[in-house]
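S.K.: Sequence plus the predicted model coming up.
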Amino acid sequence: MAILLGLILAAVGFVIGTGATGLIRMSLGLPYWDTEMSWSLGYPIALLGWLAGVGGWKYWATEWFGGRPAISPTGVSRYFEFNNDHKVIGIQYGVTFVVLFLLSGLAAMLIRWELMQPGMQLFTENQYNSVMSFHGIGMIAVAVAILMGAFGNYVVPLMIGARDMAFPRVNALSYWLVPPVAVMLIIALALGGWDSGWTAYPPLSVLNNSGQVLFNLAVITFGVVSIISGINFIATIVYERAPGMTWGRLPIFVWGCLAGSMIAFFFTQGFAAALLMVLFDRVLGTSFFGATGGGSALLYQHAFWFYSHPAVYVMVLPAFGIILEVLSHMSRKPLYAYKYAVGAMLGIVALSGVVWAHHMFTSGMADYLHAPFLVLTEMISIPTGLIFLSAVGTIWAGRLWMRTPMLFALGFLFNFTIGGLTGIYLADVPTDLHLHDTYFVVAHFHYTIMGGEIFALFAALYYWFPKITGREFNETLGKVHFTLMFIGFQLIFIPMFQVGVQGMNRRVADYPEAYADTNYQLSLSGFLLGSSFLFFVVNMVVSWVRGRRAADNPWGAHTLEWQVSSPPPPHNFDEIPTIEEGAYEYGVPGARPHARLTGAADRA
Amino acid sequence: MNPFPTVGAQEATLFDHAFRLMTYMGAPVFGFMMAALIYSVLHFRAKNTNAGAPTEDGPPIHGHGAIPKIWVGVTTALCLVVMIYPGLTGLAEIRADRSHDVEVKVTGSRWVWALEYPQGGFQADELVLPVGKRVKFDLTAPAGDVLHSFWVPAFRQKLTTLPGQMTYMYITPTQTGDGHSDAAFRVQCSELCGLLHSRMQLNVRVVEQAEYDKWVAEKVKK
């Protein structure tokens, strides 16, 4: 119902916004409708209508005018409207982004179908470019938001012994800005698509189809989501920790979310500003990036990568946290070199802001910039190496429990080793000059983001599934999913390194005959990889509806979220717990329990 | 098995060398990680877990000792090596020689490459170069156009053509070749430029000096 009201108010807002634009245009002697300008002004008003309709008015804004906010319902309907509970928001984020992940994955399958043979089969060139761009931005959105949106929201307050996030309404706001982003990207495809990839480099992004305007509006909205949830996580982790939850006892996943949020908060503005300037160039006729008007195309790339390189650490730092978390609990051993791992995460935050131009070694920027960015980029391998030390030290001599989340965590280590090592070739200018913009790059970032972060996502999904749903997942289907995904992943992305070195460039709808055999094989492997997700979807849906009731602490883990019921009670803790020991003191003689709970602890 | 495309220029030799070197340095790191991972999975797997969680905890190792410090030392040393060689030294080598014998002006516009040989004062519709001579490319795009990137896989170098600006790229071809029989000898746009990006290609022929002179003479006559 709330969603329907949101859509109606969004439509009303759109009519008002475009109407006002049209009237002003007509008073200036211009035609009423101009697709790009009307959308640019209609969309923000429509967005406000949407937010009011889905519950922003009923549960929040009415208060500003002396009204009394409504009380949220408790049934299933609360997932379909504005809700302040971090656990509801976590599930909303999780389900939405898994759906977006599957949609963007479907786009990848279509891409592989087209590239199976040379020549054009499924698409025209423009359709191919649009689908490729949609796959790109869809997956980037998933990668930026899913770990912190779903698991950060659900688990962080529980882990630190808080009743909710610091700003629950801002949290709900951040979620409800997400559906318009997805809808706008889909409408953009209908308006002729956009062919500038997810990077939207001008001048192309100033000159192409009008779909680009919707892309910019959507991604700027998504930037807002990132920034406000970043602030929320920072405030929550700094101020809402239970008594005794010192920085030295903070679970490593919470550290990962804190580090990732710091980056999202510091850097997202760069991307939003760059896209806004593109929008101004298109709609208002400014010339930030057009050479004819004295602008510089390179300016955009600096602003863009100033955010978009740190963004990969927004994706990967929470992933590091999840992996170390799962490895420690499932190996029954203390987290190895905890302080070094935390230091490494903060070191990555610091370095992330000074490496952006390694994406620009072939961009024609000044030569003197190459050496410093080469040096700074290579330095990131030092903190990343420490994360690996922590991981390997943790499983060494442990009691490895080879359940599905553990398999994904170990798969992460395998993939990220390859992803990390191949990054060195791209950070070194002499090799990057050939490899830049080839399939070598495609393979590299899929190894880090998909093989890394998405494997961590599945580790987290299976690990916390019993806690979130109160049900057990099917272990056999989980293992089948892992096996197919792991093998399919290696089979498609290893040969991609090779075909890239051989001279196949990326983002192409077609390629020379010479690369036909490899591409045929890549497509088949891609379909194998795609098929693995069928097992995942069936497992999740069936287990959520009909799975066996899960125990409160099926993994026997020490962290706080496992000390409450599955799923946790509405206010998490009857009384705020007291933290008395680190979270990973497995097998430590004389160690106290991690936390002392009153009330809820009686059950255990 | 040779993982590289045809070596068509001095710069390609540099690239292949640096690429091999990094692979040789990365291999032991990869090997170490995999050995640790596979050994752990085989050897430290908890026994009899069908019934539920492992019944005992592992040894309480926290990693407070010297190992993390040694690890930081080793990774920093490796990182410095790669940075300096082949990184910075390679960079210096690529930039060292800014002389040239042949000059070609390349203009990338959606979705064609236009070539001009200023020394002969003629235009061409395929890139023909003499073997063993240093070539300077003057790269640009018309002011109202978009970004493109000039890349010949056999030469292992690429550079963006910026609308309304000039960028310069230098290579020395070392081997004859023809794009009709070898995909590495093609100019390929490698910066997403819209609709026909994938088709923005041009044939490359590297020929002996005599043949080149003949080709130039014909071009000038027209």
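M.R.: All right, it came through fine.
S.K.: Show me the strands in chain A, by range?
M.R.: Residue ranges of the strands in chain A, as given by DSSP state E, are A:578-579, A:595-596.
S.K.: could you dump these to TSV with mean pLDDT?
M.R.: Converted to TSV, the strands of chain A look like this (pLDDT from 0 to 100):
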stretch	mean pLDDT
strand A:578-579	94
strand A:595-596	91
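S.K.: Would you convert those into CSV that also reports mean neighbour count?
M.R.: Using the backbone N, CA and C atoms, a C-beta is placed for each residue, glycine as well. Shown next, in CSV, are the strands of chain A (neighbours: other C-beta atoms under 10 Å in any protein chain shown):
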stretch, mean neighbour count
strand A:578-579, 18
strand A:595-596, 19
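S.K.: got a markdown table for these, with distance to A:Thr559 too?
M.R.: Formatted as a markdown table, the strands of chain A follow (distance: least, C-beta to C-beta, whole Å):
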| stretch | distance to A:Thr559 |
| --- | --- |
| strand A:578-579 | 10 |
| strand A:595-596 | 9 |
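S.K.: and A:Leu250, which of those is closest to it?
M.R.: Nearest to A:Leu250, of all the strands of chain A, is strand A:578-579, at 9.3 Å by C-beta to C-beta.
S.K.: If you count contacts, what does the closest one end up packed against?
M.R.: The contact analysis (3 or more C-beta pairs under 8 Å, 6 or more residues apart in numbering or on different chains; DSSP states H and E) places strand A:578-579 against strand A:595-596.
S.K.: give the contact list for residue 34.
M.R.: In the absence of a named chain, this looks at chain A. A:21, A:25 (C-beta atoms under 8 Å, 6 or more residues apart in numbering or on different chains).
S.K.: oops, I was thinking of chain B
M.R.: By C-beta under 8 Å, 6+ apart, the contact set of B:Met34 is A:414, A:417.
S.K.: buried ones in the helix or strand encompassing it?
M.R.: Using DSSP states H and E, B:Met34 sits within helix B:10-43. Buried residues in helix B:10-43, defined by neighbour count with 16 or more other C-beta atoms under 10 Å in any protein chain shown: B:10-12, B:14-16, B:18-19, B:21-22, B:25-26, B:29, B:33, B:36-37, B:40.
S.K.: swap in stretch A:14-22?
M.R.: Those would be A:14, A:16-18, A:21-22, for stretch A:14-22 by 16+ other C-beta under 10 Å.
S.K.: and what of stretch A:548-557?
M.R.: For stretch A:548-557, burial by neighbour count (16+ other C-beta under 10 Å) applies to A:550, A:552-557.
S.K.: Same check on stretch A:59-73?
M.R.: In stretch A:59-73, counting by 16+ other C-beta under 10 Å, buried: A:59-61, A:72.
S.K.: Between which two of those is the distance greatest?
M.R.: Farthest apart among the buried residues of stretch A:59-73 by C-beta to C-beta are A:Ala61 and A:Ser72. That separation is 15.2 Å.
S.K.: any chance you could map the helices in chain B?
M.R.: With DSSP state H as the criterion, chain B has helices at B:10-43, B:67-82, B:89-96, B:209-221.
S.K.: would a markdown table of the buried residues of stretch A:59-73 with distance to chain B be doable?
M.R.: Formatted as a markdown table, these follow (distance: C-beta to the nearest C-beta, whole Å):
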| residue | distance to chain B |
| --- | --- |
| A:Tyr59 | 41 |
| A:Trp60 | 42 |
| A:Ala61 | 42 |
| A:Ser72 | 36 |
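S.K.: any weak-confidence spans in the chain?
M.R.: With no chain named, the answer covers chain A. Applying pLDDT under 70 to chain A picks out residues A:599-604.
S.K.: right idea, wrong chain: chain B
M.R.: Across chain B (using pLDDT under 70), the flagged ranges come out as B:1, B:48-52.
S.K.: what do you get if the cut-off is 90, keeping everything else the same?
M.R.: B:1-3, B:46-57, B:85-86, B:95-96, B:221-222 (pLDDT under 90).
S.K.: Can you tell me the centre-most residue of it?
M.R.: B:Arg156 (4.5 Å; C-alpha atoms, centre = their mean).
S.K.: and A:Ile494, how many residues sit next to it?
M.R.: Per other C-beta atoms under 10 Å in any protein chain shown, the neighbour tally for A:Ile494 reads 14.
S.K.: my guess is it meets A:Ala443, correct?
M.R.: Yes: look at A:Ile494 against A:Ala443 with C-beta atoms under 8 Å: they come within range, at 7.4 Å.
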